[in-house]
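Q: pasting the sequence and the predicted coordinates here, then a few questions.
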Amino acid sequence: MLQRYSVLALTAALAFTACSPDTLSAPQKKVVAPTFSQAAGSSNRHIVLMVPGAVPADFADRVTALGGTVRSLNNDAGFAVVAGLTTEAATQLTVSGIGDIQPDFQVRLDESLPPIQADASEIGNAIISSATDPTSATNFNRQWNMRLIHAPTAWLAGKLGSSTVTVAIIDTGIDYDLPDLTGRVDLSRSHSFMDTFVGNGDDPSTPAFDADPIVPADDTILRRFGIFAGRDLITDLNGHGTNVATQVSSNAVRYAGVTSLTRLIGVKVLGANGLGNFSDILDGVIWAADHGADVANMSIGGGFSKAGNGQALAAINQVFNYAKTKGMVIVVAAGNSGVDLHHIRNQFATYCDAPHVICVSAVGPQFGSDLGTSAENTPAFYTNFGQNNVDVAAPGGNADAAHNFTRSVWPWSDPTKPLTFGDAASWVWSYCAKQSLIIQRSTADPTKGNLFLTTCFTFNQALLLNNGYIGTSQAAPHVAGLAALLIAENGRGNPYRIKQLIQKTGVATSKALGRGRIDVAAALGL
């Protein structure tokens, strides 16, 4: 029985609501150094690094004897996550010569602007796949991003990807049965690590982590509430992972992806609130590598000081090295703090500093009039950058932040209506996730939390809304999609070769944004 929290709006009598862009005000971008969010509470988990391929046979017995349990263990990677150990018990495990041990910590999704939702009534009730001609997607006119990287040239040449190539979306999950994603996601190889609620102890308005959670974890919500009956645990209750997934591969009902045949697997490592455990992210990378992912997309972001965090760095390096041995390409977002990564060398910047990755910065037009000109490649106002830190640039969206997001006008705007925030930026569009959760601390009882379910339908419940995001999170999956196309053409198992092809065929931009802005057609030799 669920205890110590109240749940609101999770009933069969849901009020279907829609978010209107007219109700949104333009946020002010605060530029800060990248930082992982560390919650006030401890998750009571520890990460254990051992010699790859030489994990002691009695490892689990040793952990159990000290009062803990093994959550995950990969002998070949030399990586384990244990729960339930006190600090003293963890120290004893270290003294026994088992390996290096560090406490787990919590991380936050890195977003540049909150997503926006817009009406989709123009598409009627037709659900027609355009997978063989993605330019026929009903809202392709909004996809400046696909035109910018010359994806239509590749599609016209029949370069649509291959169903034998798999991209793992390591994120908040995927709303896998949306029209653009139906049949694209392999649920048999997907996995959710969100069996424990993770809160943000630095935010007094939201619940913090508690050993006896004040709100349920994503997995619990999906299993116990009737509205989610039959749903797979990777179901996206945030929306971020769904937007990321559709940029990689889509049936092109409403929006095209870089590919339309590539298979996806969902690896859910962040919850509805965009928070998760560091250990789950690393376990997610291992899961993807072990379940046949040719590419992993990590639009997660964040960072931490290198000083005093050598064990965290070692864990990342060991896991990413393991992924390379499995032949998996890892694409990561550069982050949205607007900082020069080259000059903050005391910081571990997102995963750009990890080995064997493709780190992606963001570009995009600020104004509708920029479309079709060199200004399409304007560095995004929020993007992290850094010569020798960032590898390539890709479309992430942009806006006129210097003038409070008020000056942009886009070709898809309705000239008969007042300008809204939805018209003020080059959003990267997708379907929105059908249901999202808002988690708040109860004002009546701080030991409890409230869950509010928002639904992504128009008022007549007939149509899903559009969802627009801006960020390096959106830039990265364009590169992951290109990597999938190149693997379909050149074979799997050679991450370095794929990275080389992507970098050497890019369109020249600022060196601080990488070796160039990706060009799908050029990378495929078209």
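A: Thanks, I have the structure now. Numbering: from 1, shown residues only.
Q: tell me the buried residues in stretch 80-89?
A: Across stretch 80-89, burial judged by 16 or more other CB atoms under 10 Å covers 80, 81, 82, 83, 84, 85, 89. Quick note: C-beta positions are derived from backbone N, CA and C, even for glycine.
Q: span of it from start to end?
A: Terminal residues of stretch 80-89 lie 16 Å apart, using CA to CA, to the nearest Å.
Q: what do you get for stretch 141-155?
A: With CA to CA applied, stretch 141-155 spans 16 Å between its terminal residues.
Q: what lies in contact with that stretch?
A: 133-135, 137, 140, 247, 255-256, 258, 260, 364-365, 371, 376-377, 394-395, 397, 411-412, 426-429, 466, 474, 478, 482, 485, 517-522, 524, 526 (CB atoms under 8 Å, 6 or more residues apart in numbering).
Q: let's see it at 7 Å
A: Stretch 141-155 has contacts (CB atoms under 7 Å, 6 or more residues apart in numbering) with 133-135, 255-256, 258, 365, 371, 376, 394-395, 411-412, 426, 428-429, 478, 485, 518-521, 524, 526.
Q: next one: residue 300 from residue 476, what distance?
A: Distance check for residue 300 against residue 476: by CB to CB, to the nearest Å, it reads 9 Å.
Q: now the common contact residues for those two.
A: Common neighbours of residue 300 and residue 476 (CB under 7 Å, 6+ apart) are residue 333.
Q: name the SS class of residue 61, please.
A: Of the three states, residue 61 takes helix under DSSP: H, G, I helix; E, B strand; the rest coil.
Q: tell me how many other residues surround it.
A: 11 (other CB atoms under 10 Å).
Q: before we move on, what about residue 192?
A: Neighbour count of residue 192, defined by other CB under 10 Å: 21.
Q: tell me what it is bridged to.
A: Under DSSP bridges, the beta-bridge partners of residue 192 are residue 268.
Q: that one contacts residue 234, correct?
A: Yes - between residue 192 and residue 234 there is a contact at 5.2 Å, judged by CB atoms under 7 Å.
Q: if we can go back for a sec, closest one of the buried residues of stretch 80-89 to residue 452?
A: Closest to residue 452 out of the buried residues of stretch 80-89 is residue 83 (29.5 Å), distances taken as CB to CB.
Q: tell me the confidence at the closest one?
A: Per-residue pLDDT puts residue 83 at 94.
Q: over to it: give its phi and psi.
A: Reported as degrees, to the nearest 10, the phi and psi values for residue 83 are phi -130, psi 150.
Q: dump the residue contacts of it.
A: Neighbouring residues of residue 83 by CB under 7 Å, 6+ apart: 44, 45, 68, 69, 71.
Q: circling back to that earlier point, mind checking which of the contacts of stretch 141-155 are buried?
A: Buried subset of the contacts of stretch 141-155 (neighbour count, 16+ other CB under 10 Å): 133-135, 255-256, 258, 365, 376, 394-395, 412, 426, 428-429, 478, 485, 518-521, 524.
Q: which of those fall in helices?
A: Applying DSSP state H to the buried ones among the contacts of stretch 141-155, the entries found in helices are 478, 485, 520, 521.
Q: can I assume residue 319 is in contact with residue 77?
A: Yes - using CB under 7 Å, residue 319 is in contact with residue 77, at 6.3 Å.
Q: and for these two, which residues touch both?
A: Residues within reach of residue 319 and of residue 77 at once, by CB under 7 Å, 6+ apart, are residue 286.
Q: on that earlier part again, now the common contact residues for residue 192 and residue 234.
A: The contact sets of residue 192 and residue 234 overlap at 173, 268 (CB under 7 Å, 6+ apart).
Q: can you put the ones in helices among the buried ones among the contacts of stretch 141-155 in a markdown table and add distance to residue 266 and pLDDT?
A: What follows is these, written out as a markdown table (distance: CB to CB, whole Å; pLDDT from 0 to 100):
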| residue | distance to residue 266 | pLDDT |
| --- | --- | --- |
| 478 | 19 | 98 |
| 485 | 20 | 98 |
| 520 | 24 | 98 |
| 521 | 29 | 98 |
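Q: dump those into a markdown table; add distance to residue 242 as well.
A: Output for these, formatted as a markdown table (distance: CB to CB, whole Å):
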| residue | distance to residue 242 |
| --- | --- |
| 478 | 16 |
| 485 | 21 |
| 520 | 22 |
| 521 | 27 |
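Q: what is the nearest of those residues to residue 354?
A: Nearest to residue 354 among those is residue 478, at 19.9 Å by CB to CB.
Q: tell me the contacts of that closest one?
A: Applying CB under 7 Å, 6+ apart to residue 478 gives the contacts 145, 149, 247, 258, 394, 395, 518.
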